[in-house]
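> Generate a structure from the sequence data that follows.
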Amino acid sequence: CSTANRSITVIKGKGSSQKRTSYQFENVLGSFSTQEEVFDLTLKPIISDVLDGFETCIFAYGQTGTGKTHTMEGSLETVEKYGLIPRSAQAIFDALEGSTYNVSCSYLEIYNEEL
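Below is the predicted model:
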């Protein structure tokens with residue numbers, strides 16, 4: 001894994017049957033990243049696209065217990081603990097304040113292959 005060129009290469013097999021697959025990434029966030037840091041790096045840059053009428057999707061995928069719900073929802077106790085969804089909604093409505101708009105969104109969770 002190289003954070004310098006923002007890529008990771010997965011090597012499967014040995015010798016002549018070895019297969020390399022490279023993946024690119026935009027950011028690396030550690031377990032101590034704040035909700036604000038996650039929002040600022042991932043969603044804040046696309047809020048303007050939403051305001052320009054583009055449809056967007058926020059998608060979290062991974063094993064149970066890895067923090068997807070925490071990252072997406074956070075806690076509404078304090079603004080610092082807001083997750084991506086409440087932060088996105090707040091940013092959108094703050095930008096639209098004083099304007100008339102129709103805002104629509106959907107939110108769903110798939111757990112154990114069930115909606």
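> how deep is the closest residue in space to Leu84 that isn't next to it in sequence tucked in, by neighbour count?
Leaving out its chain neighbours, the residue that sits closest to Leu84 by C-beta to C-beta, 6 or more residues apart in numbering is Met72, at 5.3 Å. (Each C-beta comes from the backbone N, C-alpha and C, glycine too.) Neighbours of Met72 under the rule other C-beta atoms under 10 Å: 18.
> quick one: Met72 is in a helix?
Yes. Assessed with DSSP: H, G, I helix; E, B strand; the rest coil, Met72 lies in a helix.
> hang on, it packs against Arg87?
No. Using C-beta atoms under 8 Å, Met72 makes no contact with Arg87, being 10.1 Å away.
> which residues are in contact with both of those two?
Common neighbours of Met72 and Arg87, counting by C-beta atoms under 8 Å, 6 or more residues apart in numbering, are absent.
> Do a quick rundown of the helices in this protein.
Assigned by DSSP state H, the chain shows helices spanning 35-42, 47-51, 68-73, 84-96.
> as a whole number, average confidence for the last one?
Per-residue pLDDT values across helix 84-96 average out to 96.
> mind exporting that helix as PDB, just the C-alpha atoms?
In PDB, the C-alpha atoms belonging to helix 84-96 read as follows (Å, rounded to 0.1, in the frame of the first residue of the first chain):
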ATOM      1  CA  LEU A  84     -22.400  12.000   7.400                       C
ATOM      2  CA  ILE A  85     -26.200  12.000   6.900                       C
ATOM      3  CA  PRO A  86     -27.100  14.800   9.400                       C
ATOM      4  CA  ARG A  87     -24.100  16.800   8.400                       C
ATOM      5  CA  SER A  88     -25.100  16.600   4.700                       C
ATOM      6  CA  ALA A  89     -28.600  17.600   5.500                       C
ATOM      7  CA  GLN A  90     -27.500  20.500   7.600                       C
ATOM      8  CA  ALA A  91     -25.100  21.700   4.900                       C
ATOM      9  CA  ILE A  92     -27.800  21.500   2.200                       C
ATOM     10  CA  PHE A  93     -30.400  23.300   4.200                       C
ATOM     11  CA  ASP A  94     -27.900  25.900   5.400                       C
ATOM     12  CA  ALA A  95     -27.100  26.600   1.700                       C
ATOM     13  CA  LEU A  96     -30.700  26.800   0.800                       C
END
